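1. all I have is the shape, not the residue letters:
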């Protein structure tokens, strides 16, 4: 298969199984080995009590010593921590607090140090969008501490802040753009393969740890706890975050040649379709159109060939049982939205909430979408609209800063010409725009979905700064 090649200004290196740097990989493998031993030996109570501390220790070590490894490690913590949590719940009993899930949030927040350190310097390098978004969230956090409770406000901050500071970290380290690009490509290629394959298996088999978790959480929207009845969420916490990650990974597969592309494409698209998240399907299409329009004519022709070959691999898989019925039924809802429950729910949310959201000057504050139940456990309140959520939470004052920063960042990356020869930048731009298109249907700026949205816009901006620097150096 022919794939669009990213043109680097540095010598191209193939992906290697060599574990370099050894000290960094030793820390990662030690955590993996400890986790596996606890699970297989039945010592999951020990793992539940130590997972956060150990993962934070590894994350901090990598952040300080090996930032390239830190980026990949952070993404994988988002990918697999919910899966590890479900295995622990099965063996040690369901934990309604879901405290283990806080690990990737805390690991990502290490980049807040970078944000504060380079904040003044960043304004001269194009960092204003991140500063504006941060100010919006900071304002919303202050309102949240006043109007809600410290517990709910802090939980809300974990959703809003990490994507911004992580994206800033990628942006401000633009001199390492080629290495960061490579580790992100490698992480998402392997992620699509592993999570896609597990997602297909999850749909067919319905593993007992996933069934147990679905029963305990009573999440009816995620399907029936039985084989062929689940909406796939793979190793992650729900279909929407999984769909966001897969959307990004599948677009990256179109722009990078790798020996895993064929199996990753087959498993990835099948699992992506089995999520039944139409908003993310649409985001993939928006991202694809953006990617196509960003490339020069020769690269566009290559992309067309890649897409045709992808269709030849994927379409036959979607037409066989047990997959075809689930996928076709979800596609049929596009032409029959008046009978679709989720579409009607979103329409009702907009009808009831739009005026209230747009007239909420001060906002309800970060954390207003969580409540503390009678057992003292945080429970989320679902708002199926990122735009409404932003105005509800941040109010007009905070939303102007937050959305203004996001729109300014989008405006900046559409001024770049480097996307025509750097297909990773083009894909990153497409991924970011695709995720923004989901804000009408879900809160795609929060949590791991927000990591995808802000992270890929941030790395696109880093790529621009890197290429400008290289061109100026060449001219001088």
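-> On my side now, so go ahead. Since this is a predicted model, take the numbers as computed values, not measurements.
2. for residue 102, see how far away residue 63 is.
-> Going from residue 63 to residue 102 by CB to CB, to the nearest Å gives 17 Å. Where C-beta positions appear, they are placed from N, C-alpha and C, glycine not excepted.
3. over to residue 160?
-> Applying CB to CB to residue 160 and residue 102 gives a distance of 15 Å.
4. one more: residue 422?
-> Taking CB to CB, one finds residue 422 at 36 Å from residue 102.
5. same check, this time on residue 58
-> 15 Å.
6. these two: which has the busier surroundings?
-> residue 58 (23 against 17; other CB atoms under 10 Å).
7. who's in contact with residue 266?
-> By CB atoms under 8 Å, 6 or more residues apart in numbering, residue 266 lies in contact with 196, 313-314, 317.
8. actually residue 195, not the one I typed
-> Counted by CB under 8 Å, 6+ apart, residue 195 has contacts 79, 234-236, 242, 245-246, 268, 271.
9. could I get the residues you listed as a markdown table with pLDDT, neighbour count and distance to residue 467?
-> Output for the contacts of residue 195, formatted as a markdown table (pLDDT from 0 to 100; neighbours: other CB atoms under 10 Å; distance: CB to CB, whole Å):
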| residue | pLDDT | neighbour count | distance to residue 467 |
| --- | --- | --- | --- |
| 79 | 98 | 23 | 29 |
| 234 | 97 | 31 | 35 |
| 235 | 98 | 22 | 35 |
| 236 | 97 | 24 | 33 |
| 242 | 98 | 29 | 32 |
| 245 | 98 | 25 | 27 |
| 246 | 98 | 31 | 28 |
| 268 | 97 | 29 | 29 |
| 271 | 97 | 26 | 34 |
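10. can you tell me which of those is nearest residue 217?
-> Nearest to residue 217, judged by CB to CB, of those is residue 236 at 13.8 Å.
11. so the closest one, which state does it fall into?
-> What DSSP: H, G, I helix; E, B strand; the rest coil gives for residue 236 is coil.
12. give me the distance between the helix or strand in which residue 105 is found and the centre of its chain.
-> According to DSSP states H and E, residue 105 maps onto helix 103-108. Between the centre of helix 103-108 and the centre of its chain there are 13 Å (CA atoms, centre = their mean, to the nearest Å).
13. and what of stretch 241-259?
-> 11 Å.
14. strands of the stretch 351-476 of the chain, start to end?
-> Taking DSSP state E, counting those that start in this stretch as the test, the strands found in the stretch 351-476 of the chain are 370-372, 378-380.
15. pLDDT below threshold where in the stretch 351-476 of the chain?
-> Within the stretch 351-476 of the chain, the ranges that satisfy pLDDT under 70 run 351-355, 357, 370-382, 476.
16. with the chain instead?
-> In the chain, residues with pLDDT under 70: 1-18, 335-355, 357, 370-382, 476.
17. how about a cut-off of 50?
-> 1-17 (pLDDT under 50).
18. and residue 473, how many neighbours?
-> 9.
19. quick one: it from residue 465, how far?
-> As for residue 473, its distance to residue 465 is 13 Å (criterion: CB to CB).
20. could you do residue 436 as well?
-> From residue 436 over to residue 465 (counting by CB to CB), the distance is 21 Å.
21. residue 219 now?
-> 42 Å.
22. and the two? Which one has more around it.
-> residue 465 (19 against 14).
23. the more buried one contacts residue 126, doesn't it?
-> Yes - with contact defined as CB atoms under 8 Å, residue 465 counts as touching residue 126 (6.9 Å).
24. tell me who's in contact with residue 168.
-> Per CB under 8 Å, 6+ apart, neighbours of residue 168: 111, 114-115, 118, 122, 127, 130, 134, 458.
25. swap in 10 Å and give it another go.
-> The neighbourhood of residue 168, defined by CB atoms under 10 Å, 6 or more residues apart in numbering, consists of 111-112, 114-116, 118-119, 122, 127, 129-131, 133-134, 454, 458, 461.
26. of those residues, buried ones?
-> For the contacts of residue 168, a burial check counting by 16 or more other CB atoms under 10 Å picks out 111-112, 114-115, 118, 122, 127, 129-131, 133-134, 454, 458, 461.
27. residues contacting residue 316?
-> residue 266 are the contacts of residue 316 under CB under 10 Å, 6+ apart.
28. and it, that one's in a helix?
-> Yes - assessed with three-state DSSP, residue 316 lies in a helix.
29. separation between it and residue 285?
-> In terms of CB to CB, residue 316 sits 21 Å off from residue 285.
30. swap in residue 22?
-> 43 Å.
31. the two - which one has more neighbours?
-> Under the neighbour definition other CB under 10 Å, residue 22 and residue 285 were set side by side, and residue 285 has more, 13 against 10.
32. name the element that one belongs to?
-> helix 278-294.
33. elements contacting that helix?
-> helix 239-253, helix 261-274, helix 297-318, helix 323-332, helix 341-358, helix 423-437, helix 447-475 (3 or more CB pairs under 10 Å, 6 or more residues apart in numbering; DSSP states H and E).
34. one more time with 6 Å
-> helix 239-253, helix 423-437 (3 or more CB pairs under 6 Å, 6 or more residues apart in numbering; DSSP states H and E).
35. what are the buried residues along it?
-> 278-284, 286-288, 290-292, 294.
36. adding distance to residue 391, write those out as TSV.
-> Putting the buried residues of helix 278-294 into TSV (distance: CB to CB, whole Å) gives the following:
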residue	distance to residue 391
278	24
279	19
280	23
281	26
282	22
283	21
284	27
286	23
287	25
288	30
290	26
291	30
292	33
294	31
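37. let me know the closest of the residues you listed to residue 361.
-> So of those, ranked by how close each gets to residue 361 (CB to CB), first place is residue 279, at 28.8 Å.
38. looking at it, that closest one is touching residue 441, isn't it?
-> Yes - Residue 279 is in contact with residue 441 according to CB atoms under 6 Å; the separation is 3.9 Å.
39. isn't residue 237 right up against residue 82?
-> Yes - contact criterion CB under 6 Å: residue 237 and residue 82 qualify, at 4.1 Å.
40. number of residues surrounding residue 124?
-> Neighbours of residue 124 using other CB under 10 Å come to 8.
41. which outside residues touch stretch 411-431?
-> The contact list for stretch 411-431 (CB atoms under 6 Å, 6 or more residues apart in numbering) reads 4, 6-7, 181, 248, 251-252, 255, 287, 290-291, 294-296, 456, 459-460, 463-464, 467.
42. please pick the buried ones from those residues.
-> 4, 6, 181, 248, 251-252, 255, 287, 290-291, 294-295, 456, 459-460, 463-464, 467.
43. in a markdown table, list the helices and strands packed on helix 278-294 along with distance to residue 309.
-> Listed next are those as a markdown table, based on distance: least, CB to CB, whole Å:
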| stretch | distance to residue 309 |
| --- | --- |
| helix 239-253 | 11 |
| helix 423-437 | 16 |
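44. among the ones you listed, which is nearest residue 45?
-> Nearest of the helices and strands packed on helix 278-294 (CB to CB): helix 239-253, 26.9 Å.
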